[in-house]
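Participant: Sharing a model that was predicted from the sequence below.
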Amino acid sequence: MPTRFRKVRKRRGSRTHGWGQIGQHRKTGAKGGRGEAGKHKHKWTWVLRYDRDYFGKHGFFRPNRREVKSMNLLQLATVIENLEEQGLLKTVDDRIVVDLNSMGVKKIIGGGRINRPLVVIVENWTKTAEEKIREAGGEIIRPGEAKV
């Protein structure tokens, strides 16, 4: 639409442009406040439509939680196979000794299967990992208790 046909061309010179007698539609009261005012109140529907990410935490949030390097029994079996290929396996009383603590692994988890008797040296373990290793004829030892 060309500028000359717009309604504002007719309203020029009328002071209020059809908004009544005293200053209606002029100051910040007409906007519902200045700036971000009312975003949690009367401008909430506007926020939902145009500025959804305004509220809440964003970026640089680090949960207060430390990561524990862990390994499951399936991964342990592959580690044993690799050590066996390289000729680096240690055995005591016909049981393979695996020192996960020296490899930087702090916990053993019970996913997978073990079918060889092992002596695993590690700081922490789950109940299922302990059960599966004992069923295979092995045991789990903490680093300070190791007599190997």
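Facilitator: Sure, I can see it. Residues are numbered from 1 along each chain as shown.
Participant: can you count the residues close to residue 55?
Facilitator: 10 (other CB atoms under 10 Å). C-beta coordinates here come from the backbone N, C-alpha and C atoms, glycine included.
Participant: For residue 108, see how far away the residue nearest to residue 105 when sequence neighbours are not counted is.
Facilitator: Excluding its sequence neighbours, the residue lying closest to residue 105 (CB to CB, 6 or more residues apart in numbering) is residue 71, at 4.8 Å. For residue 71, the distance to residue 108 equals 6 Å [CB to CB, to the nearest Å].
Participant: Wait, a strand at residue 97?
Facilitator: Yes: Residue 97 sits within a strand when classified using DSSP: H, G, I helix; E, B strand; the rest coil.
Participant: That one reaches residue 80, doesn't it?
Facilitator: No: counting by CB atoms under 8 Å, residue 97 does not reach residue 80; the two are 10.4 Å apart.
Participant: Quick check: neighbours shared by those two?
Facilitator: When contacts are counted by CB atoms under 8 Å, 6 or more residues apart in numbering, residue 97 and residue 80 are jointly contacted by residue 118.
Participant: Residue 71 and residue 108 - which one has more neighbours?
Facilitator: residue 108 (27 against 23).
Participant: Check whether that one really touches residue 69, as I assumed.
Facilitator: No: Residue 108 sits out of contact with residue 69 when judged by CB under 8 Å, with a separation of 10.7 Å.
Participant: quick revisit: report the secondary structure element holding the residue nearest to residue 105.
Facilitator: Using DSSP states H and E, residue 71 falls within strand 70-72.
Participant: Now do the strands in the chain.
Facilitator: Taking DSSP state E, the strands of the chain run over residues 70-72, 90-92, 95-99, 107-109, 118-121, 124-125, 139-141.
Participant: Neighbouring strands - and their directions - for the second one?
Facilitator: According to DSSP bridges, strand 90-92 has the following sheet partners: strand 95-99 (antiparallel).
Participant: hmm, back to that, residues bridging contact with residue 71 and residue 108, i.e. touching both?
Facilitator: Taking CB under 8 Å, 6+ apart as the criterion, residue 71 and residue 108 both touch residue 100.
Participant: Wait, residue 142 touches residue 123, no?
Facilitator: Yes: because the distance of 6.3 Å satisfies CB under 8 Å, residue 142 is recorded as touching residue 123.
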